[in-house]
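> Following is a predicted model, sequence given first.
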There are 2 protein chains.
Amino acid sequence: MKGQAVKDKILDVASDLFYKQGYNLTGINQIIDESDIARASLYHHFKSKTDLLVENLRRADENYFLQLEKFLASFTDPKEKLLAMVDFRIALQKKLGFGGCRFMKSSLEISKEEEKKVLSITHANKEKLKKVIRGLVSQVNQKQILPDDLLTETIFLLLEGASLYGAVTKSSLSLKKSKKIIESLI
Amino acid sequence: MKGQAVKDKILDVASDLFYKQGYNLTGINQIIDESDIARASLYHHFKSKTDLLVENLRRADENYFLQLEKFLASFTDPKEKLLAMVDFRIALQKKLGFGGCRFMKSSLEISKEEEKKVLSITHANKEKLKKVIRGLVSQVNQKQILPDDLLTETIFLLLEGASLYGAVTKSSLSLKKSKKIIESLI
DNA sequence: GTCTATAACCAGATAGAC
DNA sequence: GTCTATCTGGTTATAGAC
């Protein structure tokens, strides 16, 4: 293995371990062992462990919206798309083993010294998500129980709250309830 | 210093550091230094670092509902009490410096080996919180936009989502929006 | 019950050979 | 650009004196 293949392998392994064990509980040594690469190769491609996390989150951010777009493409009705956003999250939750959102997870455990970059990636990721929600809400908010911006915030916070609480209960119950709630509000 | 005073001092210092720096980034050494106690004193009162975290969360859980009860006592109208629950969370957020909910924070960074006890304390804490919400909702849900159980879940998830997202944005904006949302739904 | 000294181990990062 | 060996300082926990 060499060049980009090594870099990709390191990122894949790190991504997996950071999510399953947490960033702080994952050592460089374990990443090296499970990647089957040499110590110095890691430090050739990444200047530090923090750098590795930042790169990982950047990739995850890109990937998140590619996957979401693909998932929503099969629906045409904006109402259905909005509800499908919850299903997307339920599917993700199952796929990831109920660990919660990786951006929030990293943001909550990162040290003050490293937090700036991590929080800014998380912030950008969530604001992009809100923008997607807002776009759909503007096409669908017929009942006018809430104005568009508050309905957007509601849906966003339900998704975030339910995903994270699902990491405590190890279930999709809150996300399933969120779907019903959203159905009643739009 | 001796006996219970030592134990209390250790718990106070640990509680503060676990919240500000995170559990995994806080070393036993730092707790000892800042508590001005001896190494072996800590291991006399607590059998391990995990044990210290569990004790800390147990105390925080008790304290949380004592504080909440005190805060809500100045209101009589159940509608006002419900909205005051958001204000309580906003006040807490400011007091704690926008670090997010300590139970969720600990639950998301804990190792698989230690997670059982931590998740069960968090789970119990949140279900008790839901119970408080549910009690008020049953007295106040006039509009019937949502049935009681879904309105309860909505308020709960708004509080959780907004508190944690506030740790990313370092602001109370989402909690303030949540208050408006809840006002529109009850 | 508090103290100091130390065991046993693992972290992140770098130097220099090839 | 990948390799191995090593540096330095950190970790949690325990032993035994007082």
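Nice, I can see it.
> my read: residue A:172 touches residue A:91, true?
No: applying CB atoms under 8 Å as the test, residue A:172 and residue A:91 come out as separate, 9.4 Å apart. For the C-beta atoms, the positions are set from N, CA and C on the backbone; glycine is no exception.
> Just want to know which of these two has more residues nearby.
Ranked by neighbour count (other CB atoms under 10 Å in any protein chain shown), residue A:172 and residue A:91 place residue A:172 first, with 20 against 15.
> Angles on the backbone of the more buried one, please.
Geometry field for residue A:172 lists phi and psi as phi -100, psi 10, criterion degrees, to the nearest 10.
> can you tell me how far whichever residue of chain A sits closest to chain B sits from residue A:125?
Distances from chain A to chain B, computed as CB to the nearest CB, single out residue A:161 as the nearest residue at 3.1 Å. Residue A:161 sits 16 Å away from residue A:125, going by CB to CB, to the nearest Å.
> Neighbour count for the two, which is higher?
Higher neighbour count among residue A:161 and residue A:125: residue A:161, with 27 against 23, using other CB under 10 Å.
> Against residue A:118, how distant is that one?
From residue A:161 across to residue A:118, the span is 20 Å (CB to CB).
> Can you name the next helix or strand after the host helix or strand of residue A:82?
Secondary-structure element containing residue A:82, defined by DSSP states H and E: helix A:78-96. Moving toward the C-terminus from helix A:78-96, the next helix or strand (DSSP H and E) is helix A:102-109.
> Report the buried residues of the helix or strand following that next one.
Scanning forward in sequence from helix A:102-109 by DSSP H and E, the next helix or strand is helix A:115-140. Using 16 or more other CB atoms under 10 Å in any protein chain shown as the test for burial, helix A:115-140 gives A:115, A:118-119, A:121-123, A:125-126, A:129-130, A:132-134, A:136-137, A:140.
> what angle do helix A:115-140 and helix A:102-109 make?
For helix A:115-140 against helix A:102-109, the angle by axes from the mean of the first three to the mean of the last three CA atoms, to 10 degrees is 140 degrees.
> quick one, the helix holding residue A:82 and helix A:115-140 angle?
Our comparison of helix A:78-96 with helix A:115-140, counting by the same axes, to 10 degrees, yields an angle of 150 degrees.
> interface residues of chain A facing DNA strand D?
For chain A, the contact set with DNA strand D under CB under 7 Å from any atom of the strand comprises A:1-3, A:6, A:37-41, A:44-45.
> From those residues, list the buried ones, please.
Burial by neighbour count, 16+ other CB under 10 Å: within the residues of chain A next to DNA strand D this picks out A:6, A:37, A:41, A:45.
> Among these, show me the least confident.
Ranked by pLDDT, those bottom out at residue A:6 (90).
> In contact with that one: list those residues for me.
Residues counted as contacts of residue A:6 (CB atoms under 8 Å, 6 or more residues apart in numbering or on different chains) are A:35, A:37, A:41, A:45.
> could you redo the last one with a cut-off of 10 Å?
With contact taken as CB atoms under 10 Å, 6 or more residues apart in numbering or on different chains, residue A:6 is in contact with A:35-38, A:41-42, A:44-45.
> In helices, which of those fall?
A:35, A:41-42, A:44-45 (DSSP state H).
> Around DNA strand C, pick out the residues from chain A.
Neighbours of DNA strand C within chain A, by CB under 7 Å from any atom of the strand: A:26-30, A:39-40, A:43, A:47-50.
> Name the member of these with the most neighbours.
When neighbours are counted by other CB under 10 Å, residue A:26 leads those with 21 neighbours.
> Could you look up the SS state of it?
Under the three-state scheme (DSSP: H, G, I helix; E, B strand; the rest coil), the conformation of residue A:26 reads as coil.
> Can you get me a residue count around the residue nearest to it when sequence neighbours are not counted?
Once flanking residues are discounted, residue A:26 sits nearest to residue A:17: 4.4 Å by CB to CB, 6 or more residues apart in numbering or on different chains. The local packing of residue A:17 (other CB under 10 Å) involves 19 other residues.
> From residue A:34, how far off is residue A:17?
Using CB to CB, residue A:17 is found at 7 Å from residue A:34.
> ok, now residue A:23?
Computed with CB to CB, the distance linking residue A:23 and residue A:34 is 15 Å.
> Looking at those two, which is more packed in?
Set side by side, residue A:23 and residue A:34 show more neighbours around residue A:23, with 26 against 16, by other CB under 10 Å.
> Does the more buried one fall in a helix, a strand, or a coil region?
Assigned with three-state DSSP, residue A:23 falls in the coil class.
> Would you quantify the distance from it to residue B:75?
As judged by CB to CB, residue A:23 and residue B:75 stand 41 Å apart.
> Closest residue of chain A to DNA strand D?
Residue of chain A nearest DNA strand D, by CB to the nearest atom of the strand: residue A:40 (2.2 Å).
> check contacts around that residue.
Taking CB under 10 Å, 6+ apart as the definition, contacts of residue A:40 comprise residue A:32.
> Could you name the helices and strands sitting against the helix or strand that contains residue A:177?
In this structure, residue A:177 is located in helix A:173-185 according to DSSP H and E. Here helix A:173-185 is seen to pack against helix A:78-96, helix A:148-169, helix B:148-169, helix B:173-185 when contacts are counted using 3 or more CB pairs under 10 Å, 6 or more residues apart in numbering or on different chains; DSSP states H and E.
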